[in-house]
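Q: below are the sequence and a predicted model for it; my questions follow.
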Amino acid sequence: MGNLATDAVARLTLKTSNALANSQGFIANQVVTQGYIQANSSKDQHYDFCLREIDMSSAGKISDFSTAELLSIIDSSGCDLALMPLIKFNSSSSDKSKMAISIVKKLQCFLLPIDITIWFDDKDFKTAIPLLDDRNQLVDALVSAGYSVGYYGGEACECSPSNSAIQNGSIMLNVVSCGSSSVPSKTFPTVKIGDNSNACKMRWVSPQ
């Protein structure tokens, strides 16, 4: 008999699609439930997606992302949100050569499909991987594995200064790499997607 949460997600048909223009979301570093959203947002606030932190450190915590949470977030009878993963290392990585494989395996174990945008926290990314060449190699490896990569960060982000733009209290997400060709809430930080009109689109996962 398999894991019930994994079986439920497997039966739920997931799809990847371009993120909706001008949609609003939030960043979460703990298990996302309807109660959590209601407790941390104003009454008239509407969210379209969640940028859910996925911890790559070895220390397991009860607040870690899981297939059960994925089901709760994207199911129409649950939170009914689209989702994109925000990778957090929370420490310097000693084995950079296997980092891309570790990230892909982590996403696969949650049954997250390819062809979605993986986000990195810029400050955390630089702490874990200090050398620009190493970071670029990691991004290239993830792109070759079928993902696009975005950077969530502040002024020091190497991708584009527009990534730190603020609109109605929310950080705008608008910098994504597909390869060489290519009103604030009370507690959790909010993020917003612009027109998502570049050749390389932000893509999220949602129920079919």
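A: Nice, thanks for sending it over. Because the structure is predicted, anything quoted here is derived from the model rather than measured.

Q: which phi and psi does A28 have?
A: Backbone torsions for A28, taken as degrees, to the nearest 10, come to phi -130, psi 140.

Q: pLDDT weak spots in this structure?
A: Scanning the chain for pLDDT under 70 picks out 1-13, 43, 58-59, 90-97, 154-187, 208.

Q: contact partners for the residue nearest in space to the middle of it?
A: Against the mean C-alpha coordinate of the chain, by C-alpha atoms, centre = their mean, the closest residue is P85 at 2.3 Å. Contacts for P85 (C-beta atoms under 8 Å, 6 or more residues apart in numbering) come out as L51, R52, I54, F65, L107, L112, I116, I118, W119. In short, each C-beta sits where N, CA and C put it, glycine included.

Q: so L83 sits against R52, correct?
A: Yes. When contacts are counted by C-beta atoms under 8 Å, L83 is listed as touching R52 (5.9 Å).

Q: what residues do the two have in common as contacts?
A: Both L83 and R52 are contacted by I73, under the criterion C-beta under 8 Å, 6+ apart.

Q: re earlier: just the ones of the contacts of P85 in strands?
A: In this view, the contacts of P85 that belong to strands under DSSP state E are L51, R52, I54, I118, W119.

Q: so which elements touch the longest helix seen in the chain?
A: Ranked by residue count, the top helix of the chain under DSSP state H comes out as helix 132-144. Packing partners of helix 132-144 (3 or more C-beta pairs under 8 Å, 6 or more residues apart in numbering; DSSP states H and E): helix 99-109, strand 148-152.

Q: tell me where the protein has helices.
A: Per DSSP H, the chain carries helices over the ranges 4-11, 34-39, 67-74, 99-109, 122-128, 132-144.

Q: just the buried positions in the second one, please.
A: Within helix 34-39, the residues scored as buried using 16 or more other C-beta atoms under 10 Å are Y36, I37.

Q: for the nearest residue to M202 once chain neighbours are set aside, grab the count of nearby residues.
A: Leaving aside its sequence neighbours, M202 sits nearest to A19 (C-beta to C-beta, 6 or more residues apart in numbering; 4.1 Å). A19 has 24 neighbours, counted by other C-beta atoms under 10 Å.

Q: isn't A19 right up against R203?
A: Yes. Contact criterion C-beta under 8 Å: A19 and R203 qualify, at 6.3 Å.
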